[in-house]
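Q: I would like the atomic coordinates for the input below:
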Amino acid sequence: MKVARFHAPGDIRVEDAPEPSPGPGEVKIRVRNCSTCGTDVKIYKHGHHHIRPPRVMGHEIAGEVAETGAGVTGWTAGDRVQVIAAIPCGRCEECLRGRLTVCPNQESMGYHYDGGFAEYTVVPAKVLAVDGLNRIPDGVGFAEASVAEPLACVLNGQELARVAGGDDVVVIGAGPIGCLHVRLARSRGARRVFLADLNPGRLAMSAERVRPDAAISGQQVDIVDEVLKLTGGRGADVVITAAASGAAQQQAVQMAARQGRISFFGGLPKDDPVIAMDANLVHYRELTIVGANGSSPRHNARALDLIATGAVPVADLITHRIPLAGVLDGLEIVAQGAAIKVTVEP
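A: Numbers count the residues shown, from 1 in each chain. The predicted structure follows:
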């Protein structure tokens, strides 16, 4: 079979590999779609400390069951499935407290285990042990189901930030994650949702699809000033930084309303993770700042439901479909910000 393997930074090869067989407790799936994200680009360019090459990349996986290993029940060949990316251990103190997203023993598809840039992949027993293999609802295509994983992360972020009915929400970053944040905020009852980005082309492309109440170009206006104008000087109830930008995090604090909630959704580069901010704004406005780290199996299952019911449409966010042989072209498209969502179809 064909796979796309990471060998070293800048070295991903589409090559032949033996077709895998499932071991006890495992499920082999025929990958139908594995979508890409900015993290894949980072791995391609810089590697990742959890990846020991060669490793098949890809963690936004949807396909159909091809074979089950010994002891597996409830799954049969042909079942349409979506796979979690982040795998909690289910046994540590954090997991037992229900905090699966911050499991210190977390492993991941495409990092610790071969992922979905392949014709076939094996879902580890650890995934099944935490209910991380989900049935794709009727009417949901494989490509849409592959977007459930990033939507699950967005859902975790908005739960932590308590996005609710009547909120004014600002999303900084108009990539695929930002688009999903806009749509999920609307489904949660937000009064208005504003989308901001420094890249005018990407902002226009995304705004055309998700239709925010205002699209704010950081190249043309000061984002903080514009949010304050749009909210009558009050600021936003929720600000989500869906970009790896320290400046965006600083702006988020400045534009938050009293008792506003701020989600530092996008992590910062490891060589530049420190920001300066006015802590008195946090103090006097009683602001809440929360992080957001991945998703749990529960979030993945809920994300599939949101897609299936139409509460969060995702099909139109998939702007590019490429074969496995074109995975490097796909990653370059993502790196250039020329797409919303790129999906690989092995």
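
Q: quick one: the helices in the stretch 201-346 of the chain?
A: Assigned by DSSP state H, counting those that start in this stretch, the stretch 201-346 of the chain shows helices spanning 223-230, 246-255, 279-285, 297-309, 327-336.

Q: separation between the residue nearest in space to the middle of the chain and residue 95?
A: Closest to where the C-alpha atoms of the chain average out (C-alpha atoms, centre = their mean) is residue 150, at 2.5 Å. Distance from residue 150 to residue 95, counting by C-beta to C-beta, to the nearest Å: 22 Å. C-beta here means a position set from N, CA and C on the backbone, and glycine is covered the same way.

Q: you'd agree residue 262 is up against residue 290?
A: Yes - using C-beta atoms under 8 Å, residue 262 is in contact with residue 290, at 7.2 Å.

Q: neighbour count winner among those two?
A: The neighbour count for residue 262 versus residue 290, taken as other C-beta atoms under 10 Å, is higher for residue 262 (22 against 14).

Q: beta partners for that one?
A: residue 239, residue 289 (DSSP bridges).

Q: so what's it up against?
A: Taking C-beta atoms under 8 Å, 6 or more residues apart in numbering as the contact definition, residue 262 lies against 161, 238-241, 249, 252-253, 256, 287-290.

Q: tell me what angle the lowest-mean-pLDDT helix or strand in the chain forms with helix 327-336.
A: None of the helices or strands of the chain scores lower by mean pLDDT, DSSP states H and E than helix 38-46, at a mean of 91. On the basis of axes from the mean of the first three to the mean of the last three C-alpha atoms, to 10 degrees, helix 38-46 is oriented at 110 degrees to helix 327-336.

Q: partners of the helix or strand just after helix 38-46, with directions?
A: Sequence-wise, the next helix or strand downstream of helix 38-46 (DSSP states H and E) is strand 55-56. Next to strand 55-56 in the sheet, as set by DSSP bridges, lie strand 2-8 (antiparallel).

Q: follow-up on the earlier one: report the buried members of the contacts of residue 262.
A: 161, 238-241, 249, 252-253, 256, 287-289 (16 or more other C-beta atoms under 10 Å).

Q: out of those, flag the one nearest to residue 208.
A: residue 240 (20.2 Å; C-beta to C-beta).

Q: wait, the closest one sits on residue 160?
A: No - using C-beta under 8 Å, residue 240 is not in contact with residue 160, being 10.4 Å away.

Q: neighbours of residue 16, how many?
A: Neighbour number of residue 16 under other C-beta under 10 Å is 7.

Q: shared neighbours, residue 240 and residue 160?
A: If you check residue 240 and residue 160 against C-beta under 8 Å, 6+ apart, the residues they both contact are residue 263.

Q: if we can go back for a sec, could I get the buried ones among the contacts of residue 262 as TSV with pLDDT and distance to residue 29?
A: Converted to TSV, the buried ones among the contacts of residue 262 look like this (pLDDT from 0 to 100; distance: C-beta to C-beta, whole Å):
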residue	pLDDT	distance to residue 29
161	98	33
238	98	37
239	98	38
240	98	32
241	98	34
249	97	38
252	98	39
253	98	43
256	98	43
287	98	44
288	98	40
289	98	39
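
Q: can you check the pLDDT for the closest residue to residue 4 other than its chain neighbours?
A: Closest residue to residue 4 apart from its sequence neighbours, by C-beta to C-beta, 6 or more residues apart in numbering: residue 117 at 3.7 Å. Residue 117 carries a pLDDT value of 98.

Q: so who does residue 117 touch?
A: Contacts of residue 117 (C-beta under 8 Å, 6+ apart): 3-4, 34, 56-58, 110, 324, 327, 344, 346.

Q: sorry, back to before: and the least confident helix or strand of the chain, C-alpha only, in PDB?
A: The C-alpha trace of helix 38-46 is given here as PDB (Å, rounded to 0.1, in the frame of the first residue of the first chain):
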ATOM      1  CA  GLY A  38      -1.400  23.700  10.400                       C
ATOM      2  CA  THR A  39       0.200  21.200  12.800                       C
ATOM      3  CA  ASP A  40       1.000  18.900   9.900                       C
ATOM      4  CA  VAL A  41       2.800  21.800   8.200                       C
ATOM      5  CA  LYS A  42       4.800  22.400  11.500                       C
ATOM      6  CA  ILE A  43       5.800  18.700  11.700                       C
ATOM      7  CA  TYR A  44       6.800  18.700   8.000                       C
ATOM      8  CA  LYS A  45       9.100  21.800   8.500                       C
ATOM      9  CA  HIS A  46      10.400  21.300  12.000                       C
END
